[in-house]
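Visitor: have a look at this fold, sequence not included:
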């Protein structure tokens, strides 16, 4: 008889209670005047984090680009003066990575756009003078992809904004001249979607920033004049959310940078955009690689890989012999790639107290009769399986003889059969587990 138990039921119950929620993200923005703030995408309301990120610290010539790395959880920024830095979203504190990304390499006319490729993880950038490049986040080293994306293609007045669609992986861009386009990250080839997003609709003072909401997929944009809007990626149609985010509130000198930044709702050190479970699980274990962390996966082993208990016994054995129970055939799901998954063994006999042992156990001094051995194996994840096996202890027989257990008047007798002859050789006393010699008649 075999059984499987463990924390599966608990996991199922916990998972059914976990809310199916979107990742907690906040839309942060920067201005050419070095203001750093958050924006409510629903209405354009802004909250200042730092009115001047360079005051009292590292001086930068404005925030003209922002990009959040979901893998590292770092928010990066760039300036029109070619400075490359990271920003603390909570305080606005700046940490300079490279004071001039053009020093010692190809010259660019500032960093006016940044965007992380969700597929490759590469950080791409653009400039107001139409250079398209990628940057090493660790040191600011610059690699030019196209020194002029308009050469041999549609003319644009610079790359003022970049944003990757997290679903399709398409890279969209915008310019101060209100052009809306896509860019091939491999070669910088440009495809115009709308030559003027304001034509026939609401007027904006250029596209100074773009950012996709990772939850809704909505593409938001900002302008140098403080306008906040959404754009239809398919055709560039514009919808104004707030014509001037500074009106009636804190003044900022335009929206020259936008980026959604993920929080860490379960405080496990992994941002919500890449966290594989809304329950704290800093190791992000996912044994079956299905994208759902083991901490809230109802089938953490893919539904078919619980431990199995196997037990073999030599049966029957003669009185005085040891019963050797072999559980080495028990199996465990192999998760050594992420964490070792080992079995522990618990043994018992005839319903007695369980005790720890190895995969093989010896039982000595067993009395005549039937005995039931139970083995329970438990793996590193707390899942267990049990099985039982029976062993019968009998009296030793003489060579070429067969011992027969026959119930007759007065008890159970052991009879030796050889050929056609049978002779009673003793009487069994079960309470003592012994055979009393004596006989009886032969036939």
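Guide: Structure received. Note that this is a predicted model, so its numbers are computed, not measured. Numbers count the residues shown, from 1 in each chain.

Visitor: roughly how far does the residue nearest the centre of the chain sit from residue 79?
Guide: Centroid check for the chain by C-alpha atoms, centre = their mean gives residue 276 as the closest residue, at 3.3 Å. Using C-beta to C-beta, to the nearest Å, we find residue 276 at a distance of 35 Å from residue 79. C-beta here means a position set from N, CA and C on the backbone, and glycine is covered the same way.

Visitor: again with residue 359
Guide: Counting by C-beta to C-beta, the gap from residue 359 to residue 79 is 65 Å.

Visitor: what number of residues lie near the closest residue to the residue nearest to the centre of the chain other than its chain neighbours?
Guide: Leaving out its chain neighbours, the residue that sits closest to residue 276 by C-beta to C-beta, 6 or more residues apart in numbering is residue 293, at 3.8 Å. Residue 293 is flanked by 22 other residues according to other C-beta atoms under 10 Å.

Visitor: who's in contact with residue 293?
Guide: Residues near residue 293 by C-beta atoms under 8 Å, 6 or more residues apart in numbering: 275, 276, 277, 279, 281, 284, 285, 286.

Visitor: checking the third one next. Helix, strand or coil?
Guide: Classification of residue 277 by DSSP: H, G, I helix; E, B strand; the rest coil places it in coil.

Visitor: quick one: contacts for it?
Guide: For residue 277, counting by C-beta under 8 Å, 6+ apart, the contacting residues are 266, 284, 292, 293, 294, 295, 296, 297.

Visitor: nearest residue to it other than its sequence neighbours?
Guide: Of all residues not flanking residue 277 in the chain, residue 293 sits nearest, at 3.3 Å (C-beta to C-beta, 6+ apart).

Visitor: same check, this time on the fifth one
Guide: Computed as C-beta to C-beta, 6+ apart, the closest residue to residue 281 that is not its neighbour in sequence is residue 295, at 4.0 Å.

Visitor: what's the distance between that neighbour and residue 283?
Guide: On the measure of C-beta to C-beta, residue 295 and residue 283 end up 9 Å apart.

Visitor: and these two? Which one has more around it.
Guide: The neighbour count for residue 295 versus residue 283, taken as other C-beta under 10 Å, is higher for residue 295 (23 against 13).

Visitor: is it fair to say that one lies in a helix?
Guide: Yes. When three-state DSSP is applied, residue 295 is found to be in a helix.

Visitor: check contacts around it.
Guide: 277, 279, 280, 281, 285.

Visitor: got it, and residue 205?
Guide: Contacts of residue 205 were listed using C-beta under 8 Å, 6+ apart, and they are 223, 224, 225, 227, 254.

Visitor: if we can go back for a sec, if I look at the residue nearest to the centre of the chain, how far off is residue 170?
Guide: Relative to residue 170, residue 276 is positioned 25 Å away (C-beta to C-beta).

Visitor: got it, and residue 262?
Guide: For residue 262, the distance to residue 170 equals 21 Å [C-beta to C-beta].

Visitor: who has more neighbours out of these two?
Guide: Ranked by neighbour count (other C-beta under 10 Å), residue 262 and residue 170 place residue 262 first, with 21 against 16.

Visitor: does the more buried one touch residue 270 like I think?
Guide: No. Contact criterion C-beta atoms under 8 Å: residue 262 and residue 270 do not qualify, at 9.4 Å.

Visitor: any of the contacts of residue 295 buried? List them.
Guide: 277, 281, 285 (16 or more other C-beta atoms under 10 Å).

Visitor: residues in contact with the closest residue in space to residue 42 that isn't next to it in sequence?
Guide: Once flanking residues are discounted, residue 42 sits nearest to residue 241: 7.7 Å by C-beta to C-beta, 6+ apart. By C-beta under 8 Å, 6+ apart, residue 241 lies in contact with 41, 42, 43, 44, 220, 228, 229, 230.

Visitor: try 10 Å this time
Guide: Going by C-beta atoms under 10 Å, 6 or more residues apart in numbering, residue 241 touches 39-45, 220-222, 227-230.

Visitor: follow-up on the earlier one: and residue 359 and residue 79? Which one has more around it.
Guide: Using other C-beta under 10 Å as the criterion, residue 359 and residue 79 rank with residue 79 on top: 27 against 15.

Visitor: starting at the chain centroid, how far to stretch 372-388?
Guide: 29 Å (C-alpha atoms, centre = their mean, to the nearest Å).

Visitor: go through it and flag the buried ones.
Guide: So for stretch 372-388, counting by 16+ other C-beta under 10 Å, buried means 373-379, 381, 383-388.

Visitor: most widely separated two among these?
Guide: With distances taken as C-beta to C-beta, the most widely separated pair in those is 373 and 381, at 25.4 Å.

Visitor: the stretch 51-200 of the chain: helices as residue ranges?
Guide: Ranges of helices in the stretch 51-200 of the chain, per DSSP state H, counting those that start in this stretch: none exist.

Visitor: cool, and the stretch 201-350 of the chain?
Guide: According to DSSP H, counting those that start in this stretch, the stretch 201-350 of the chain contains no helices.

Visitor: list the buried residues of stretch 99-115.
Guide: Within stretch 99-115, the residues that qualify as buried are 99, 101, 102, 108, 109, 110, 111, 112, 113, 114, 115, counting by 16+ other C-beta under 10 Å.

Visitor: next, the distance between the ends of it.
Guide: For stretch 99-115, the first-to-last residue distance is 19 Å (C-alpha to C-alpha, to the nearest Å).
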